[in-house]
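Novice: For reference, the sequence and a predicted model appear below.
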2 protein chains.
Amino acid sequence: MSWQENLRDVEPYVSGEQPKLPNIIKLNTNENPYPPTPKVKEVLQNFDAEKLRLYPNADAEGLQDAIATRYGLSKNQVFIGNGSDEVLALSFLSFFNSQKPLLFPDLSYSFYPVYADLYGIPYEKVPVAEDFSLNLSDYTKGNAGGIIFPNPNAPTGLLVGLDFIESVLVHNPDCIVMIDEAYVDFGGVTAIPLLAKYDNLVITRTFSKSRSLAGIRLGVALGSQVAIKKLDDVKNSFNSYSVDAFAQAVGFASLSDESYFKKMCTKVIATRNQFAQDLQALGFTVTDSRTNFVFAKVPKNVSAQNLFDALYAQSIVVRHWPNNERIKEWLRITIGTDAEMAKFIAFLKEYIDGQSTI
Amino acid sequence: MSWQENLRDVEPYVSGEQPKLPNIIKLNTNENPYPPTPKVKEVLQNFDAEKLRLYPNADAEGLQDAIATRYGLSKNQVFIGNGSDEVLALSFLSFFNSQKPLLFPDLSYSFYPVYADLYGIPYEKVPVAEDFSLNLSDYTKGNAGGIIFPNPNAPTGLLVGLDFIESVLVHNPDCIVMIDEAYVDFGGVTAIPLLAKYDNLVITRTFSKSRSLAGIRLGVALGSQVAIKKLDDVKNSFNSYSVDAFAQAVGFASLSDESYFKKMCTKVIATRNQFAQDLQALGFTVTDSRTNFVFAKVPKNVSAQNLFDALYAQSIVVRHWPNNERIKEWLRITIGTDAEMAKFIAFLKEYIDGQSTI
């Protein structure tokens, strides 16, 4: 027997590559092309380095208050973690402690099965429909130990309405229903109003996408006081001080500049809509994305793998899942600046012209 | 049946209070009284806020290289996490996946049983000796699923030698032995040289104490490539980007200024030794602390609880475990500045004089 036999067996999540290419156009991990609010620079100028000798506020209280105010909730309905991945990881550990299976779409955030495997949570991947939409009837059987899906979903970009979510909640009073709103600010509809009615609803948010702060790691869970208290207790059984003092200050600064935030979201949405149109004009099929990416199927005479490689050779990096039969001819393309997307389209035009003449 | 029945049952760790008292002398959570290296200010001045729109380097590679170089290890022997609490939390999940009990001293970091309970890891608290020292024979029976203890230990401050640790390793080839070196820079002896010989040894470190960076959350694990790879896989099943971009830069800056680091450690050690002497002169019993705190038993005519309360009333906050029978007459006092410790001693003199005249 060796000490290595005591090691936990896991199959880790593989996130989008962080390639070091010259002049890269990085459209593979849904980062925002625009910088965070200029108020973050002010935080850098004014932050007291000496303060770092002390532990941060364990609950990120200043930021917690600001988020509660922003969403019309009470402070003890707000949990803040080290990125929404940590919030999700702690939520799985806190909430899905059932013998019944956790349900999530088979086409969704690929970290969900990784969390479930890590903790030994039983789960079922629920197939999405032919058009990638979620079938309500799959989530209303009342046999779940938990339910989670992103809304809008990734990588499909598709949104369900609040009526869909409310119906899921009505049919699942015995488990936590989590709605992962990572992309909601780019055209989604938030489930926050349903928190007043359903104490088993938990919503997660991130500062990484719409707030241009992937580098600082800030994620949020919103829910009933009982659910958030449990999440807090589990966090305090894992890492009491998970959000550092600087990140707390940066998050607070971001929340204090809503006009910049809205302006940047509007910009990304406009670019996305134009880009989706341009793709369609070139023969791509696109879903109705309400996110900061477009999910696009290549035209019939094009191979997604070849196109992915050709783009990569031009230092344009997108996301592709070649081993997933169902979406192997699809690419997920993050929305960059207008200039970046124009370069992308210009390259595509040439590439597709080249293909048709072969 | 309610959704609340699916929630995980935990008893969270309770960290030292973060009281908001005016002119507080905060000696309860082993923070460093001195600021981090002035190079941290330079990071604040030079950090590019716009970079925060991108995800950080998932492995904190620049910092990883610097730590590897600093300790004469290879890069893949270094794991970096969001504070050593996260490193410990992920280590418990990664390494102690055995039916046999994890062993740790009954008087030790009180987060250990919390982690074990969170994951359902069986454990045994091994009683320390009358003088709080660890009995080697308790850890050499070869029946453990894992072993962990801090060296120097907390709250006792006591150090074991490398011969002790090597003997534990020799007798436990079938499990991971973790040495928590949170306080090692204040007069401990590191087990790093043993890494060359024992691939089941894992050492944890923190930037919170000796590097005055509790606010930025940086912890480290050092071990064999196999052990560190496992820790990395588990981290990537939990939170791919757990150390933010700013924290990585700050950690790098701290490591680049070893002369400041050593100067501050020397200062804290000198203050500790003087303070321990002063306490003994007042009738306290102290352990031979090799940390940035002193563990002290109150004189016979003094009650630790009353003294704790009297200190608190003066905005001097220390740590006390009134519910632990064995140490309820002991206080753990973090080393502050010379001026703070002088105030502490001055108050004590008055307090003890007051007691003897009652």
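Specialist: Great, that's in hand. Numbers count the residues shown, from 1 in each chain, chains lettered A, B, ... in the order given.

Novice: can you map out the strands along the stretch 251-358 of chain A?
Specialist: Taking DSSP state E, counting those that start in this stretch to define them, one finds strands in the stretch 251-358 of chain A at A:285-286, A:293-297, A:316-317, A:330-334.

Novice: Could you say which one of these comes nearest to chain B?
Specialist: Proximity to chain B (CB to the nearest CB) singles out strand A:330-334 among the strands of the stretch 251-358 of chain A, at 11.5 Å. C-beta coordinates here come from the backbone N, C-alpha and C atoms, glycine included.

Novice: which non-adjacent residue is nearest the residue positioned nearest the centre of chain A?
Specialist: By CA atoms, centre = their mean, the mean C-alpha position of chain A lies nearest to residue A:182, the distance being 3.7 Å. Nearest non-adjacent residue to residue A:182, counting by CB to CB, 6 or more residues apart in numbering or on different chains: residue A:206, 4.9 Å away.

Novice: any idea of the angle the lengthiest helix in chain A forms with strand A:330-334?
Specialist: Secondary structure of chain A per DSSP state H: the longest helix is helix A:258-281. Per axes from the mean of the first three to the mean of the last three CA atoms, to 10 degrees, the angle that helix A:258-281 makes with strand A:330-334 is 150 degrees.

Novice: and the spatially closest residue to residue A:76 that is not a sequence neighbour, what does it touch?
Specialist: Of all residues not flanking residue A:76 in the chain, residue A:225 sits nearest, at 4.9 Å (CB to CB, 6+ apart). Applying CB atoms under 8 Å, 6 or more residues apart in numbering or on different chains to residue A:225 gives the contacts A:74, A:76-77.

Novice: Need the phi and psi values for residue A:225.
Specialist: With angles defined as degrees, to the nearest 10, residue A:225 sits at phi -60, psi -40.

Novice: before we move on, what SS does the residue nearest to the centre of chain A have?
Specialist: Secondary structure, DSSP: H, G, I helix; E, B strand; the rest coil: residue A:182 is coil.

Novice: Tell me the most packed of the contacts of residue A:225, by neighbour count.
Specialist: Greatest neighbour count in the contacts of residue A:225, by other CB atoms under 10 Å in any protein chain shown, goes to residue A:77: 23 neighbours.

Novice: wait, isn't it in contact with residue A:226?
Specialist: No: in this structure, residue A:77 is not within contact of residue A:226 by CB atoms under 8 Å, at 10.0 Å.

Novice: Tell me the residues that contact both of the two, please.
Specialist: Between them, residue A:77 and residue A:226 share no contacting residue, judged by CB under 8 Å, 6+ apart.

Novice: what's the neighbour count on residue A:11?
Specialist: When counting by other CB under 10 Å, one arrives at 12 neighbours for residue A:11.

Novice: Contact partners for it?
Specialist: Listed by CB under 8 Å, 6+ apart, the contact partners of residue A:11 are A:114, A:117, B:237.

Novice: Tell me the most packed of these, by neighbour count.
Specialist: residue B:237 (24 neighbours).

Novice: before we move on, the earlier item: tell me which residues touch the residue nearest to residue A:182, please.
Specialist: Contacts of residue A:206 by CB under 8 Å, 6+ apart are A:83-84, A:182, A:218-220.

Novice: okay, among these, which ones form the most distant pair?
Specialist: A:182 and A:218 (12.1 Å; CB to CB).

Novice: Which neighbours do these two have in common?
Specialist: Residues touching both residue A:182 and residue A:218 (CB under 8 Å, 6+ apart) are A:206, A:208.

Novice: ranges for the strands of the stretch 1-150 of chain A?
Specialist: Counting by DSSP E, counting those that start in this stretch, the stretch 1-150 of chain A has strands at residues A:25-26, A:78-81, A:102-105, A:123-126, A:146-150.

Novice: Only the buried residues of stretch A:128-147, if you could.
Specialist: A:128, A:132-134, A:138-140, A:144-147 (16 or more other CB atoms under 10 Å in any protein chain shown).

Novice: now swap in stretch A:185-195 and tell me
Specialist: Buried residues in stretch A:185-195, counting neighbours by 16+ other CB under 10 Å, are found at A:185-192, A:194-195.

Novice: Tabulate the residues you listed in CSV, adding columns for distance to chain B, pLDDT and secondary structure.
Specialist: Formatted as CSV, these follow (distance: CB to the nearest CB, whole Å; pLDDT from 0 to 100; DSSP: H, G, I helix; E, B strand; the rest coil):
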residue, distance to chain B, pLDDT, secondary structure
A:185, 14, 98, helix
A:186, 15, 98, helix
A:187, 20, 97, coil
A:188, 20, 97, coil
A:189, 24, 98, coil
A:190, 21, 98, coil
A:191, 16, 98, coil
A:192, 19, 98, helix
A:194, 15, 98, helix
A:195, 14, 98, helix
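
Novice: possible to save these as CSV with distance to residue A:347?
Specialist: Shown next, in CSV, are those (distance: CB to CB, whole Å):
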residue, distance to residue A:347
A:185, 29
A:186, 24
A:187, 26
A:188, 30
A:189, 34
A:190, 36
A:191, 38
A:192, 40
A:194, 43
A:195, 45
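
Novice: Could I get the buried residue list for stretch A:326-338?
Specialist: By neighbour count on 16+ other CB under 10 Å, the buried set for stretch A:326-338 is A:327, A:329-336.

Novice: What of stretch A:154-165?
Specialist: Buried positions in stretch A:154-165, judged by neighbour count with 16+ other CB under 10 Å: A:154-160, A:164-165.

Novice: cool, stretch A:10-21 as well?
Specialist: Of the residues in stretch A:10-21, A:10, A:12-13, A:15-16, A:18 count as buried by neighbour count, 16+ other CB under 10 Å.

Novice: Looking at those residues, which two lie furthest apart in space?
Specialist: Farthest pair in these (CB to CB) is A:10 and A:18. Separation: 21.1 Å.

Novice: between the buried residues of stretch A:10-21, which is nearest residue B:320?
Specialist: Of all the buried residues of stretch A:10-21, the one sitting nearest residue B:320 is residue A:10; the distance, using CB to CB, is 40.1 Å.

Novice: distance of the nearest residue to the closest one once chain neighbours are set aside from residue A:142?
Specialist: Counting by CB to CB, 6+ apart, residue A:10 lies nearest to residue B:237, which is 4.6 Å off, once chain neighbours are set aside. From residue B:237 across to residue A:142, the span is 30 Å (CB to CB, to the nearest Å).

Novice: cool, residue A:186 as well?
Specialist: From residue A:186 to residue A:142 the distance is 32 Å (CB to CB).

Novice: Enumerate every residue touching residue A:34.
Specialist: Contact analysis of residue A:34 by CB under 8 Å, 6+ apart lists A:212, A:264, A:267-268, A:337, B:53.

Novice: mind redoing it with 10 Å?
Specialist: Taking CB atoms under 10 Å, 6 or more residues apart in numbering or on different chains, we find residue A:34 in contact with A:212, A:260, A:263-265, A:267-268, A:336-337, B:50, B:53.

Novice: again, but for residue A:221
Specialist: A:77-81, A:84, A:87-88, A:90-91, A:94-95, A:178, A:180, A:202-205, A:227-228, A:231-232.

Novice: sec struct for it, please.
Specialist: At residue A:221 the chain is in strand, as set by three-state DSSP.

Novice: what sits opposite it in the beta ladder?
Specialist: Beta bridges link residue A:221 to residue A:79, residue A:204 when assigned by DSSP bridges.

Novice: Let me see the confidence value for it.
Specialist: For residue A:221, the pLDDT comes out at 98.

Novice: now residue A:1
Specialist: On the pLDDT scale, residue A:1 gets 64.

Novice: The closest residue to residue A:80 other than its chain neighbours and residue A:67, how far apart?
Specialist: Excluding the flanking residues, the one nearest residue A:80 by CB to CB, 6+ apart is residue A:60, at 4.4 Å. Residue A:60 sits 9 Å away from residue A:67, going by CB to CB.
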